[in-house]
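K.L.:
what would the 3D arrangement of this be:
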Amino acid sequence: MVTHVPAEAHGDERGALISFVEAQRGAVRRSVLGLTEEQAASRPSASELSLSGLLKHVAETELNWLRMAQRKPNEKQRTEDTWGDSFRLVDGETIPGVLAFWDSVARETEEFVRSVPSLDDTFPLPPAPWFPKDAEVSMRWLMLHLVEEIGRHAGHADIIRESLDGKGAFDLIALEHAAG
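P.N.:
Below is the predicted model of the structure:
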């Protein structure tokens, strides 16, 4: 969704990266504005994706990347058996609960990125067929990847929301400003 990302202070690369990640988060968050839990869980196309499922997925994905960068275990690590649950709300989960969870992940991401000695610091990628063997990526790469990952799903959210009620990016930005 189209928004203006404010310019960072001169030379504040971390701030710029955080701002661009936050802009993409905002697009996904806005996609559920004014919807009921049922509307947000609906799948208006042949796709299995729903807005509430996308919201949960991007929050858990950000946590996963953060934990890899921190070199800590992911308390929400998915298995092959639970992978599908990362795309739908289960066990009493609600949109406000997922938003609160994602807000806490976002705060932790920002604190972590601001605290690392250098954006050039690296962490290893896990073994996977889609990653090069023994690859490492930088903190800068992490933030750029979050922009890409969340932005991709923000595009999915745009299409789903428009399919539900015809509201596009500008409508949702106006709705957000009216509510704020």
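K.L.:
alpha carbons only for contacts and neighbour counts from here, please
P.N.:
Fine.
K.L.:
just the pLDDT for the residue positioned nearest the centre of the chain.
P.N.:
Nearest to the mean C-alpha position of the chain, by CA atoms, centre = their mean, lies residue 58 at 3.6 Å. Note for residue 58: predicted pLDDT of 98.
K.L.:
can you check the one 5 residues further on too?
P.N.:
pLDDT, the model's per-residue confidence, is 98 for residue 63.
K.L.:
again with residue 5
P.N.:
80.
K.L.:
give me the three-state assignment for it.
P.N.:
coil (DSSP: H, G, I helix; E, B strand; the rest coil).
K.L.:
can we start the residue count at 32 from this point?
P.N.:
Got it, first residue is 32 now, which makes that one residue 36.
K.L.:
from residue 171, how far out is it?
P.N.:
Distance of residue 36 to residue 171, computed by CA to CA, to the nearest Å: 18 Å.
K.L.:
just residue 124 next, same as before
P.N.:
32 Å.
K.L.:
ditto for residue 132
P.N.:
24 Å.
K.L.:
more neighbours, these two?
P.N.:
residue 171 (18 against 15; other CA atoms under 10 Å).
K.L.:
what sits against the residue lying closest to that one once chain neighbours are set aside?
P.N.:
Excluding its sequence neighbours, the residue lying closest to residue 171 (CA to CA, 6 or more residues apart in numbering) is residue 150, at 5.0 Å. By CA atoms under 8 Å, 6 or more residues apart in numbering, the contact list for residue 150 reads 45, 144, 169-171.
K.L.:
can you show me the strands along the protein?
P.N.:
153-155, 167-169 (DSSP state E).
K.L.:
if you rank the contacts of residue 150 by neighbours, which is first?
P.N.:
Neighbour counts for the contacts of residue 150 peak at residue 144, which has 23 neighbours (criterion: other CA under 10 Å).
K.L.:
and residue 119, what pLDDT?
P.N.:
Reported pLDDT for residue 119: 96.
K.L.:
helices and strands of the protein: which one bottoms out on pLDDT?
P.N.:
In the chain, no helix or strand scores lower on mean pLDDT, DSSP states H and E than helix 200-210, which sits at a mean of 91.
K.L.:
which secondary structure elements does it contact?
P.N.:
helix 44-61 (3 or more CA pairs under 8 Å, 6 or more residues apart in numbering; DSSP states H and E).
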